[in-house]
Structure formats: structure tokens, C-alpha cells
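Trainee: only geometry, no sequence info:
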């Protein structure tokens, strides 16, 4: 099925061979995409607010191939590229070297005032110092300090945080002339849930550390890492990438899932929205998200890049719905008691059946309910919640399962309720199915009435037996008293 109006689209810059998308940048009305084999560029037509609708073809930036093009950065109005072969500028669709040799991951500006004259470069084997003068970048030196692969760097006042997925978190301090740095390694012993899979990011101006158990922050007084209270919505989640956008949303990668945390001002909490239609398609190990604006969010993929029009995605008009597709009752043989078309209804709760019709013998005590959503594509990614009224105490947790079984149900009246929810947390109307399990013959009203009569008869016969026994004893007593009086008269 082709959904031409989809808010999710796929860009594959190389028509011959698939390339992995590592980074995206919009620069001078052009879309640049760095990949596992160079950088590709395509023009963006200004009259198309949604970039996925802009006509154009990708072309390879000259000199950018023959290695991984890791990351695109805009600095001082110039477009820089961290590459497997070093650090480069991109000018007129051609790369020119700034520092060749050691592979470069990223650049970290040491100031926020334009123009930024000094910048750090995280490389495969340490940190370099980059200088800028109008129209020119050049590498000043490689800083003296702990040599490691610095793929994640964030500036935090006078200190720098770096993370390594297989070592821990580094706290770096530059000396005054920026020729060297001191490094301290923090691990699980310093409050982190694990020494592995830790990543540093700056979100809403705060330094946070993505871990296998949510987000952490550093407590300078205790010199330990503590769970972040502000971002507690991520508690228990393994996070590998974070990026905030201009609207205050936080985009993230958790395992194979892509999501966004949007702040709900009315409730004062973050709400998580996932994109199940692209689950497992993002780049693994080199996760990246570039939220240019609400209509153009780019997500690195194993095959190019994924484009999400988030504004269109969250404003879609198709609301979730749910259909009860079958109900199977089990005894010695299975019996399908409902398997047909259920029309969608607009009522909050729509009852499908008259309870007087769906009465079953007592030996039908096990049931399998099957349900589904009638939508497809991005609208068909639903979770379900159910409740068997008369047996369950409340609604179940949300699940992607479309079947629920119950066994050994006692006799009584039951109503099975089911509803669906999409990834925007919108819920469908509730569908219901009511049925009655008749009691076994020994629990029917007539049986109970018979039990009552039998008990009353037993009480009556016991009473009569006791009464007769009492009369017999009374007669025997009277006879003994008569004999005693007779003997007394003879005396």
C-alpha cells in the first residue's frame, strides 16, 4: 500500500548503492548529507516548506568520498566536515582540507560570540586546537593530555565533558594557554548505572548524561552522578542520542526506537511520542537526529536518511479505532460466537451485542478475544488496552498484542472492553462484547430451591425424630413414677 500523503519519507542519495546516513545539515538553501561514503548535496527550492517535496537530485561533493563522512557542522558561516581522513571545509561543492591525517569526529566551539576564533576538534586519538581568522581555518596544535577517541564533547563553563561508550565519562580541564588538558575518568563507582554506554549532551543549556538507565546529571558538591529530576521521563530507558529543537522538544534514540519528548505546559510533564513505523531503521551505533524545524526532521538511517514532517505527523486527522474481530469460546470443541463485521461508531462506548443472546453453557469457561485497528501505514501503529468487567479489576497495561485469552471463568455476566491508542496518545472509542456463562445444573435456581427444600425436610425430620424421642422418654419417665407411687402406697 502506498501512502502518498505520508509524513514520513526516505532519502537515498546514491541511486546505485545504499549508504548509511551519519549527519544532515541545511546550508545556503542546500541539503547536505554525510554518509558512509562521502557527502551528498541537493538544492532546496524555497517555495517548498516541506523539503521532501522539493524537486532535485543528490550529487556527490567532490573529494568527500573514499571514507566515512562523519559529521557536518556550521561554524562562523562556514560548513565543516569531520571525516575519516581529517577535518575539511566544504566550498562550492568541493572539500578542502583543514587538517588531514587523523580522523575527526566533531568540533566544539570554545565561545559563543561570533566570530569564534578557537575551537576544539575531537579526533580518533585526542583533541586538536583549531584557530579561525576571516576566511581561513587552521590547526594550531594537538593538545597534550590523555589520548583517546573523543567523539562526544560538551562545554560546561570552564570544564569540558567527554564520553566514551566503553570507558566512562571524562571531565577535562584546559590549561590557561590551551596547550594541554587534564582528564579524570568517572565510572560506575561514581554513581553511573554502568561504566559502559554513557553519552554526554547539552539539552536546554544543561549538561546531561545519557545512560542505560535514563538521564543523569553531575552533582559538583558530592562529585557524583545522580538521576536527573528534570528529565525523569527517561528513567529506566537506555538512551544513546539526544537533541533539542527550537520548540523545546527533545528528540532521542532508545535502542531501535526513535521518539520525541514534548513538554505539556498544562500538566507540567514531558510526554513521549514514538515513531513505530521507522523502528529499527535508524543508524545503529552512530545515531543522529537533525530537527531543522517542525516540518523537516532528519534521522540517520542505515539506508540514507529518514525525513519526518513532525507538524504534519502530529496534526493528522485520522483518529485511532478498534474492531473486535472474533470471540472464540472453548469447551470440548471450540465455538466461534462472534466473527463478523463491526461498524465503527462515534459513541464513547459502543455495545455490540444484547447480553440475552450470548448465553453459554457452563462448560464454555475459556475465551479468546481478537481485535485490531482498521488503519494502515503510520495510522496503523497501535497499542491496545482491555478489561473483562466481572473478572478483571481495572484496565490492563497498554500492549501491542491483538489477542487476549481467559480460562476457567466462573458463571456470571461479563463485558469485554477494548480500546486502542496511537503513538500520539490519542485513544479510540471503546468496543464492548457482553456475554453470560450459565451456571452448571447444580448451581441453577431450581437446584438451589431443591437444596433449600431438602434442607427444610431434613430439619423437619430431625425435629420430628427429636420430638418422638422426647415423648418416648417422657412416657418412660411417667411409667417409672407410677411404679414408684404404687410401691410407696404398699408401704
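Mentor: Sure, I can see it. Only a predicted model underlies this, so the values are computations on that prediction, with no experimental measurement involved. Residues are numbered from 1 along each chain as shown.
Trainee: alpha carbons only for contacts and neighbour counts from here, please
Mentor: Noted.
Trainee: what about residue 257, how many neighbours?
Mentor: Neighbour count for residue 257, taken as other Cα atoms under 10 Å: 17.
Trainee: now do the contacts for it.
Mentor: Residue 257 is in contact with 274-276, 278-280, 282, counting by Cα atoms under 8 Å, 6 or more residues apart in numbering.
Trainee: go again using 10 Å as the cut-off
Mentor: 239, 274-282 (Cα atoms under 10 Å, 6 or more residues apart in numbering).
Trainee: so can I have CSV of those showing neighbour count, distance to residue 367 and pLDDT?
Mentor: Conversion of those to CSV gives the following (neighbours: other Cα atoms under 10 Å; distance: Cα to Cα, whole Å; pLDDT from 0 to 100):
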residue, neighbour count, distance to residue 367, pLDDT
239, 23, 40, 96
274, 21, 32, 89
275, 18, 33, 89
276, 18, 30, 84
277, 15, 31, 84
278, 17, 34, 89
279, 13, 33, 89
280, 14, 34, 90
281, 19, 37, 89
282, 27, 40, 89
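Trainee: from those, which two are the most distant?
Mentor: 239 and 277 (19.2 Å; Cα to Cα).
Trainee: between the contacts of residue 257, which is nearest residue 368?
Mentor: residue 276 (26.5 Å).
Trainee: apart from its neighbours in sequence, what residue is nearest the closest one?
Mentor: Excluding its sequence neighbours, the residue lying closest to residue 276 (Cα to Cα, 6 or more residues apart in numbering) is residue 381, at 6.4 Å.
Trainee: again with residue 238
Mentor: Distances taken as Cα to Cα, 6+ apart place residue 212 nearest to residue 238, at 3.9 Å, with adjacent residues excluded.
Trainee: the one you found and residue 40: what is the separation?
Mentor: Relative to residue 40, residue 212 is positioned 34 Å away (Cα to Cα, to the nearest Å).
Trainee: kindly report the same for residue 321.
Mentor: Distance of residue 321 to residue 40, computed by Cα to Cα: 42 Å.
Trainee: show me where pLDDT drops low in this protein?
Mentor: Within the chain, the ranges that satisfy pLDDT under 70 run 1-5, 267, 317, 332-334, 340-357, 376-380, 441, 443-444, 491.
Trainee: kindly recompute the last result at 80.
Mentor: Residues of the chain that meet the criterion pLDDT under 80 lie in 1-5, 264-268, 316-318, 330-359, 362, 375-381, 423-424, 440-448, 478, 484-491.
Trainee: skipping its backbone neighbours, what lies nearest residue 163 in space?
Mentor: Leaving out its chain neighbours, the residue that sits closest to residue 163 by Cα to Cα, 6+ apart is residue 169, at 4.5 Å.
Trainee: what's opposite that neighbour in the beta bridge?
Mentor: For residue 169, the residues forming beta bridges with it (DSSP bridges) are residue 163, residue 186.
Trainee: and residue 458, what element?
Mentor: helix 445-490 (DSSP states H and E).
Trainee: what about that helix, distance to the chain center?
Mentor: Chain-centre distance of helix 445-490: 78 Å, with Cα atoms, centre = their mean, to the nearest Å.
Trainee: do the same with stretch 427-441
Mentor: Counting by Cα atoms, centre = their mean, stretch 427-441 comes out at 31 Å from the chain centroid.
Trainee: tell me which residues of that stretch come out buried.
Mentor: With burial defined by 16 or more other Cα atoms under 10 Å, the residues of stretch 427-441 counted as buried are 427-439.
Trainee: residues of stretch 104-124 that come out buried?
Mentor: Buried residues in stretch 104-124, counting neighbours by 16+ other Cα under 10 Å, are found at 104-110, 117-124.
Trainee: taking the residues you listed together, which two end up most distant?
Mentor: Top of the distance list for the buried residues of stretch 104-124 (Cα to Cα): 117 and 124, 22.8 Å.
Trainee: for the residue nearest to residue 434 when sequence neighbours are not counted, what are its contacts?
Mentor: Leaving aside its sequence neighbours, residue 434 sits nearest to residue 415 (Cα to Cα, 6+ apart; 4.1 Å). Under the criterion of Cα under 10 Å, 6+ apart, the contact list for residue 415 reads 351, 355, 387-391, 431-436.
Trainee: would JSON lines of the residues you listed with secondary structure and distance to residue 63 be doable?
Mentor: Listed next are the contacts of residue 415 as JSON lines, based on DSSP: H, G, I helix; E, B strand; the rest coil; distance: Cα to Cα, whole Å:
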{"residue": "351", "secondary structure": "strand", "distance to residue 63": "66"}
{"residue": "355", "secondary structure": "coil", "distance to residue 63": "74"}
{"residue": "387", "secondary structure": "strand", "distance to residue 63": "61"}
{"residue": "388", "secondary structure": "strand", "distance to residue 63": "64"}
{"residue": "389", "secondary structure": "strand", "distance to residue 63": "67"}
{"residue": "390", "secondary structure": "coil", "distance to residue 63": "70"}
{"residue": "391", "secondary structure": "coil", "distance to residue 63": "68"}
{"residue": "431", "secondary structure": "strand", "distance to residue 63": "60"}
{"residue": "432", "secondary structure": "strand", "distance to residue 63": "63"}
{"residue": "433", "secondary structure": "strand", "distance to residue 63": "66"}
{"residue": "434", "secondary structure": "strand", "distance to residue 63": "69"}
{"residue": "435", "secondary structure": "strand", "distance to residue 63": "71"}
{"residue": "436", "secondary structure": "strand", "distance to residue 63": "75"}
